[in-house]
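# okay, structure incoming, though there's no sequence with it:
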């Protein structure tokens, strides 16, 4: 039994060495036809990295031949399978441009979007690929509304939209975190205007109120009344929008402080005849 096992291992190793030897021989010295055949064979076996090396060899010779349509699609798919999503999107886009009537065109349009989707980073990083993915998914949805993949495309589109919204919200919130309260109010207003119906609306309105609260409480007397009024208005908007929010009790306590401060401010303005804003 031990000898049989050893013989099996030796046989497997011999086959692997022979296979590698054949691959290197075709890669370096093989005829272009043999390189194409082996590249296709390796692609179909799921050995995408090796197939790509061979495709690089044959592309110049097959560029104007009928086989090039298939080669270009396999190159795009191989890059996708090896997780080089930027190159995958590039080659799928080239395929679409070169072969708009191909039977593979719908798949290629989807794969462009999915390549950008997989290549797009977390919301804290640059979102250029996310923007490209959104455009590509919308293109697919518009062109193939009845496709089996349209539902998935819509789901991924919504996921990416939320990712962009999260980034925009975090950037606006950063002004509050760094105590630039006036800028925070402006940025959060812009965020809410640009992202109507966003899932971050409660958080955005909450941070707007907190920013308005801090700005009002810390203002000089000549600007205090108006800013305290604005903070109370921000509270009212939050309360109307989210009457069952967990944060409402805390915000209500802050509103009482605002009202008390506003009363004191009005008395000071009247006493010293200061005409604040």
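Received, thanks. All values derive from a computational prediction rather than experimental measurement.
# for the rest of this, base every contact and every neighbour count on C-alpha atoms.
OK.
# the helices in the stretch 51-200 of the chain, which residues?
According to DSSP state H, counting those that start in this stretch, the stretch 51-200 of the chain carries its helices in the segments 68-81, 85-98, 105-119, 128-143, 150-177, 181-194.
# can I get those helices in a markdown table including distance to residue 262, mean pLDDT and mean neighbour count?
Converted to a markdown table, those look like this (distance: least, C-alpha to C-alpha, whole Å; pLDDT from 0 to 100; neighbours: other C-alpha atoms under 10 Å):
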| stretch | distance to residue 262 | mean pLDDT | mean neighbour count |
| --- | --- | --- | --- |
| helix 68-81 | 61 | 97 | 21 |
| helix 85-98 | 57 | 96 | 20 |
| helix 105-119 | 50 | 96 | 22 |
| helix 128-143 | 45 | 94 | 19 |
| helix 150-177 | 22 | 95 | 18 |
| helix 181-194 | 19 | 97 | 19 |
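# got TSV for the ones you listed, with distance to residue 21 too?
Shown next, in TSV, are those (distance: least, C-alpha to C-alpha, whole Å):
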stretch	distance to residue 21
helix 68-81	22
helix 85-98	29
helix 105-119	33
helix 128-143	40
helix 150-177	43
helix 181-194	60
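# among these, which comes closest to residue 61?
Nearest to residue 61, of all those, is helix 68-81, at 9.3 Å by C-alpha to C-alpha.
# and that closest one, what does it pack onto?
Helix 68-81 sits against helix 48-62, helix 85-98, with contacts defined as 3 or more C-alpha pairs under 8 Å, 6 or more residues apart in numbering; DSSP states H and E.
# would you mark the buried spots in the first one?
Meaning helix 48-62. Residues 48, 50, 51, 52, 54, 55, 57, 58, 59, 62 are the ones in helix 48-62 that count as buried (16 or more other C-alpha atoms under 10 Å).
# what is that helix packed up against?
When contacts are defined as 3+ C-alpha pairs under 8 Å, 6+ apart, helix 48-62 packs onto helix 2-29, helix 32-44, helix 68-81.
# against residue 241, how distant is the spatially closest residue to residue 161 that is not a sequence neighbour?
Nearest non-adjacent residue to residue 161, counting by C-alpha to C-alpha, 6 or more residues apart in numbering: residue 134, 7.7 Å away. Between residue 134 and residue 241 the computed distance is 29 Å (C-alpha to C-alpha, to the nearest Å).
# same deal with residue 153?
Distance, residue 153 to residue 241, by C-alpha to C-alpha: 31 Å.
# go on, residue 120?
The spacing between residue 120 and residue 241, counted by C-alpha to C-alpha, is 33 Å.
# picking up where we left off before, out of the helices of the stretch 51-200 of the chain, which is closest to residue 218?
Residue 218 sits nearest to helix 181-194 of all the helices of the stretch 51-200 of the chain, at 10.2 Å, using C-alpha to C-alpha.
# next SSE after that closest one?
As assigned by DSSP states H and E, the chain's next helix or strand after helix 181-194 is helix 201-218.
# quick check: buried residues in that following helix?
Of the residues in helix 201-218, those buried by neighbour count under the rule 16+ other C-alpha under 10 Å are 201-202, 204-217.
# and it, what does it pack onto?
helix 150-177, helix 181-194, helix 221-241, helix 248-271.
# and stretch 138-153, end to end?
This stretch, stretch 138-153, spans 8 Å end to end (C-alpha to C-alpha).
# contacting residues around it?
Residues from elsewhere that reach stretch 138-153, judged by C-alpha atoms under 8 Å, 6 or more residues apart in numbering: 106, 109, 110, 113, 137, 154, 157.
# any chance of a markdown table for the residues you listed, columns distance to residue 87?
Compiled in a markdown table, the contacts of stretch 138-153 are given as follows (distance: C-alpha to C-alpha, whole Å):
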| residue | distance to residue 87 |
| --- | --- |
| 106 | 19 |
| 109 | 15 |
| 110 | 15 |
| 113 | 13 |
| 137 | 18 |
| 154 | 24 |
| 157 | 21 |
